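Chemist: Got a predicted model here, sequence first, then my questions.
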Amino acid sequence: MEIHDSVVIGGGQAGLSSSYHLAKRGISHVLLDSNASPGGAWQHRWDALTMSDVHRVSDLPDDPIPDAADTERANAFVPAYFADYERAHELPVIRPVQVRSVSDVDGVLRIETDQGTWLSRTLINATGTWTRPFIPYYPGAETFAGEQLHTVDYPGPEHFRGKRVVVVGGGASAVQFLGALRPLTDTLWVTRREPVWRNDEFTAEIGREVVARVEERVRQGLPPRSVVSVTGLTLRPQEREAERLGAYERRPMFSRIEPDGVRWPDGTFEPADVILWATGFRPAIEHLGPLHLRSPRGGIQLDGTTAVADPRVQMVGYGPSASTIGANRAGRTAARGVATWLASEAVGELA
């Protein structure tokens, strides 16, 4: 069986960037993508999400993203850009391939999938978070008679017209959902922590500081936190009407869920037809379990993008590289990490 120099898992922005930089270095590799078509997580986002709603989508290396009309659907525009990029740079993408596990067999990484087995000297993991939505458990959740949806299930604002919606979560998605829903229907915002709002301009210098703080967590082997947990929240012009209507008057977390609403420890009750969990995601890294990469502190300790526990493994789209801007830089760093490992391995073989 052929042993590749590297295998990239994941066909989103981080995976495409990594594959591009590997190809530039002449490193033989394949990219395994679980999706049936290009686009990463973008192809699964809701139809109502337009290019005017999304945070800036970063250019892929050597190929600027085309201009987009504000009204264009993000779940069509971005995947088309990714597909053109794959073709233009002849990236070695194989799909759909669902990776089940990665293990070490006599010093070689064995990637088991639903489409067979690949062997590789190194690995770049770019699986992101979209496939691992997180919903915290609260007593009584199973008794709720209404709908419970997560960000991954969001069908667009019209679905909620006339329904009372409890939006749970303190991140940018919750803010955007409230901005779209409050002009149409009654909403209630619930978060564990008091939101931190940012009113100043988000400069490049602030961005570098934010990324550095997230990088420090993964350097220590702590579980990564979202970038927005460090940056704070902002309101865009399209969310000002919801603000005027009181959408961002936040309540602390309820203590239990009842069939027709939610209840707080003091006995306060609020009726609800829908609970919308904008509670984020966890890294999709279960397939890496056999490599035992986690530190005693609960996260995967990284030096740049290199897993400290196994330097053959590069992690992109994890921690500070979870944003599209960070993903591009991480792809370049990961390819360099792969090249460094392969060079050291070659020296070892000659010694």
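Modeler: Great, that's in hand. Residues are numbered from 1 along each chain as shown.

Chemist: okay, now the residue lying closest to Ser52 once chain neighbours are set aside: neighbour count?
Modeler: Closest residue to Ser52 apart from its sequence neighbours, by Cβ to Cβ, 6 or more residues apart in numbering: Asp70 at 3.6 Å. Placement of C-beta: from N, CA and C, glycine included. The tally of other residues near Asp70 (other Cβ atoms under 10 Å) stands at 9.

Chemist: now Val190
Modeler: Neighbour count of Val190, defined by other Cβ under 10 Å: 20.

Chemist: Just the residues contacting the host helix or strand of it, thanks.
Modeler: Element membership for Val190 (DSSP states H and E) is strand 187-191. Applying Cβ atoms under 8 Å, 6 or more residues apart in numbering, the set of residues contacting strand 187-191 from outside is 164-170, 174, 178, 181, 247-254, 262, 270, 272.

Chemist: before we move on, what SS does Pro290 have?
Modeler: Following DSSP: H, G, I helix; E, B strand; the rest coil, we place Pro290 in the helix state.

Chemist: Then Ala343?
Modeler: On the three-state scheme (three-state DSSP), Ala343 is labelled helix.

Chemist: Identify the residues contacting the residue nearest to the spatial centre of the chain.
Modeler: Using Cα atoms, centre = their mean, the residue of the chain that lies closest to the mean C-alpha position is Thr129, 4.0 Å off. Neighbouring residues of Thr129 by Cβ under 8 Å, 6+ apart: Gly280, Phe281, Arg282, Pro283, Ala284, Gly317, Ala322.

Chemist: Measure how far the longest strand anywhere in the chain is from the centre of its chain, please.
Modeler: Determined from DSSP state E, the single longest strand within the chain is strand 116-125. For strand 116-125, the separation from the chain centroid amounts to 22 Å (computed by Cα atoms, centre = their mean, to the nearest Å).

Chemist: How about stretch 46-59?
Modeler: Centre-to-centre, stretch 46-59 and its host chain are 14 Å apart (Cα atoms, centre = their mean).

Chemist: Tell me, how many residues neighbour Phe160?
Modeler: 24.

Chemist: re earlier: what lines up beside whatever helix or strand comes next after the longest strand of the chain in the sheet?
Modeler: Per DSSP H and E, the first helix or strand lying C-terminal to strand 116-125 is strand 147-150. Paired neighbours of strand 147-150 in the sheet (DSSP bridges): strand 274-277 (parallel).

Chemist: And the chain, what are its domain boundaries?
Modeler: Using automatic domain parsing, the domain ranges for the chain come out as 3-131+281-350, 141-197+233-277.

Chemist: Adding distance to Glu216, write those out as JSON lines.
Modeler: As requested, these are exported to JSON lines (distance: least, Cβ to Cβ, whole Å):
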{"stretch": "domain 3-131+281-350", "distance to Glu216": "9"}
{"stretch": "domain 141-197+233-277", "distance to Glu216": "19"}
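
Chemist: Check these for me: which has the lowest mean pLDDT.
Modeler: Of all the domains of the chain, mean pLDDT reaches its minimum on domain 3-131+281-350 (a mean of 92).

Chemist: Can you give the distance of it from its chain's centre?
Modeler: On the basis of Cα atoms, centre = their mean, domain 3-131+281-350 sits 12 Å off its chain's mean C-alpha point.

Chemist: How about stretch 181-201?
Modeler: Centroid displacement of stretch 181-201 relative to its chain, using Cα atoms, centre = their mean, is 21 Å.

Chemist: Which positions in that stretch come out as buried?
Modeler: Across stretch 181-201, burial judged by 16 or more other Cβ atoms under 10 Å covers Leu181, Arg182, Pro183, Leu184, Thr185, Asp186, Thr187, Leu188, Trp189, Val190, Thr191.

Chemist: Now do the phi/psi pair for the fourth one.
Modeler: For Leu184, the backbone dihedrals are phi -100, psi -30 (criterion: degrees, to the nearest 10).

Chemist: where do the helices sit along the protein?
Modeler: 13-24, 74-88, 172-181, 204-219, 228-231, 240-244, 324-350 (DSSP state H).
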